[in-house]
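# fold the stuff below for me.
(4 chains)
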2 protein chains.
Amino acid sequence: MESQDLKKAGLKATLPRIKILNILESSPARHMSAEDVYKALLEGGEEVGLATVYRVLTQFEAAGLVERHHFEGGHSIFELNDGDHHDHILCVKCGRVDEFMDDVIEQRQHQIAEEKGYNITSHSLYIFGICRKCQK
Amino acid sequence: MESQDLKKAGLKATLPRIKILNILESSPARHMSAEDVYKALLEGGEEVGLATVYRVLTQFEAAGLVERHHFEGGHSIFELNDGDHHDHILCVKCGRVDEFMDDVIEQRQHQIAEEKGYNITSHSLYIFGICRKCQK
DNA sequence: GGCTATAATGAGAAGCGTTCGCATTAGTGT
DNA sequence: ACACTAATGCGAACGCTTCTCATTATAGCC
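Predicted coordinates for the structure are as follows:
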């Protein structure tokens, strides 16, 4: 029952929100743009406005249900927040995205923040490269 | 003689390019948006179009004179490339930007890329936090 | 279970940073 | 100095995102 998840997050259980959450949970792609979600809704025969998709995703982000990543070119992609933090490595040729997590890097970041007098709130790390397939 | 630098970079030494390079070199701020550069030109009484600023900065980037960073909110900032690589730590309250460089993190990144089968081309790392001043 | 206050929605317009198209202007090599 | 080509300036167009506002749906009370 999705509506419970939404209520827990402090959000009214409206139809668009439930549908969008469904899309995010059932989509094979972990990383989706607002446009992707919108298209998936249309393909499912749902009547939801693009503006609503943006609003809902922003609310999901604020509620911690979803993480927003700022990609180059000025567009955002969203990813279900399943609790475990990770960073991304992506292929500059085909756009493939992989995930990784490295304790050493995480640790160093905190150390650096401390050295510089910052109270760290978050970070964003992307490695760009050419994936195995595209190297051939 | 700036024009030499431009020629070396394979760019014609035009007035707008020289002026923009000057701004970047003489500005107290290491990190400038296209708009910032544009404003600085206007304040200096120069007649340069905003489109040209964007074009020139993009060319400078391609030529390796400048580095472009994609900030949240969909706008880019540019920074003179003085050869030594570094990453950024920034304050989410006041927008202050500091730089750092960590060999351990650099190394781990290469290792991760290798593990994942990627041929690394670049990376982008931002640490977000609250700076000393804003913590008070 | 219906009813009302209130918050959420949809559609299109507007906003923002950035890029494009094209006629005009300026730099370069001879 | 000249002609060829590339660079510029302007405004219009772009893509993504957010806003506005009238309409619709939800939550809580009776």
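
# chain A: strands as residue ranges?
A:31-33, A:66-71, A:75-80, A:87-91, A:97-100, A:119-130 (DSSP state E).

# near DNA strand D, anything from the shortest one?
In other words, strand A:31-33. Yes - counting by CB under 7 Å from any atom of the strand, DNA strand D is contacted by strand A:31-33 at A:Ser33. Placement of C-beta: from N, CA and C, glycine included.

# now that strand: mean pLDDT?
Confidence for strand A:31-33, expressed as mean pLDDT, is 95.

# do you know how far the closest residue to A:Ala9 other than its chain neighbours is from A:Lys116?
The shortest distance from A:Ala9 to any non-neighbouring residue, by CB to CB, 6 or more residues apart in numbering or on different chains, is to A:Ala63 (3.9 Å). Using CB to CB, to the nearest Å, A:Ala63 is found at 30 Å from A:Lys116.

# also A:Gly83?
28 Å.

# which one of these two has more residues nearby?
Here A:Gly83 and A:Lys116 are set side by side on neighbour count (other CB atoms under 10 Å in any protein chain shown), and the busier one is A:Lys116, at 17 against 6.

# now do the same contact list for that one.
Residues in contact with A:Lys116 (CB atoms under 8 Å, 6 or more residues apart in numbering or on different chains) are B:89, B:98, B:100, B:131.

# at 6 Å instead, please
Contacts for A:Lys116 (CB atoms under 6 Å, 6 or more residues apart in numbering or on different chains) come out as B:89, B:98.

# again with the one 4 residues further on
The neighbours of A:Ile120, taking CB under 6 Å, 6+ apart as the test, are A:113, B:129.

# pLDDT at it, what is it?
A:Ile120 is assigned 95 on the pLDDT scale.

# list the beta-bridge partners for it.
B:Gly129 (DSSP bridges).

# and the gap between A:Glu114 and B:Phe100?
A:Glu114 is 11 Å from B:Phe100, where distance means CB to CB.

# those two: which has the busier surroundings?
B:Phe100 (17 against 12).

# now A:Leu50. Nearest residue, chain neighbours left out?
A:Tyr38 (5.1 Å).

# assess the claim that A:Gly9 and A:Ala62 are in contact.
No Gly there; residue A:9 is Ala. No - A:Ala9 lies out of contact with A:Ala62 (CB atoms under 6 Å); the separation is 9.0 Å.

# those two: who's more crowded?
Comparing A:Ala9 with A:Ala62 by other CB under 10 Å, the one with more neighbours is A:Ala9, at 16 against 13.

# what is the neighbour count of A:Leu125?
The tally of other residues near A:Leu125 (other CB under 10 Å) stands at 22.
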